[in-house]
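Visitor: quick check, what structure comes out for this input:
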Amino acid sequence: MKFLADMGVSPLTVQALRQQGYNAVHLNEQGLDRLPDPDILEKARQEDRIVLTFDLDFGDLLAVSADVAPSVVIFRLKNTVPGFVSARLLLVISECGEDLATGAIVTVENNRYRVRRLPI
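Guide: Numbering: from 1, shown residues only. Purely as a prediction, here's the structure:
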């Protein structure tokens, strides 16, 4: 699995993914910190990456487009400490890997997550 982290996601979360063997990049690393949301989705689609974000707009953009890719993980956490975010993300990857691989929006909260298969 490959991941693309939006600006709101800590580089420490990207580092945690890499330590687990995942291919993960952060927009900031690529000098794309001002890339508009639709372009982030297109970049992720072209590179076969899953978007990691705190931005709710990505779900709306995918719903309007009726696309089946890319998958998006949207964090709606009260605890945004990178270690907590990383732990929640690794749990979601282990439990929702197939959904993420085939097209889904996964909304991650402190104590639960919801999976919506694409297209919406």
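Visitor: going by C-alpha atoms from here, please, whenever you check contacts or count neighbours.
Guide: Will do.
Visitor: helices of this protein, start to end?
Guide: 11-19, 37-47, 57-65, 82-102 (DSSP state H).
Visitor: who are the packing partners of the third one?
Guide: Applying 3 or more C-alpha pairs under 8 Å, 6 or more residues apart in numbering; DSSP states H and E, one finds that helix 57-65 makes contact with helix 37-47.
Visitor: try 10 Å this time
Guide: Secondary-structure packing of helix 57-65 (3 or more C-alpha pairs under 10 Å, 6 or more residues apart in numbering; DSSP states H and E): helix 37-47, strand 72-75, strand 104-108.
Visitor: quick check: angle from the longest one to helix 57-65?
Guide: The one in question is helix 37-47. With axes from the mean of the first three to the mean of the last three C-alpha atoms, to 10 degrees applied, the angle from helix 37-47 to helix 57-65 works out at 80 degrees.
Visitor: now do the buried residues in helix 37-47.
Guide: Across helix 37-47, burial judged by 16 or more other C-alpha atoms under 10 Å covers Ile40, Leu41, Lys43, Ala44, Arg45.
Visitor: and the helix or strand of the chain with the lowest mean pLDDT, how far out from the chain's middle?
Guide: Lowest on mean pLDDT, DSSP states H and E among the helices and strands of the chain sits helix 57-65, with a mean of 89. Counting by C-alpha atoms, centre = their mean, to the nearest Å, helix 57-65 is centred 13 Å from the centre of its parent chain.
Visitor: likewise for stretch 62-69?
Guide: That offset, for stretch 62-69, works out to 15 Å (C-alpha atoms, centre = their mean).
Visitor: again with stretch 35-51
Guide: Put simply, stretch 35-51 sits 10 Å off its chain's centre (C-alpha atoms, centre = their mean).
Visitor: pLDDT on that stretch, on average?
Guide: The pLDDT scores in stretch 35-51 average 96.
Visitor: distance check, Lys43 against Gln30.
Guide: Noted for Lys43: a distance of 12 Å to Gln30, by C-alpha to C-alpha, to the nearest Å.
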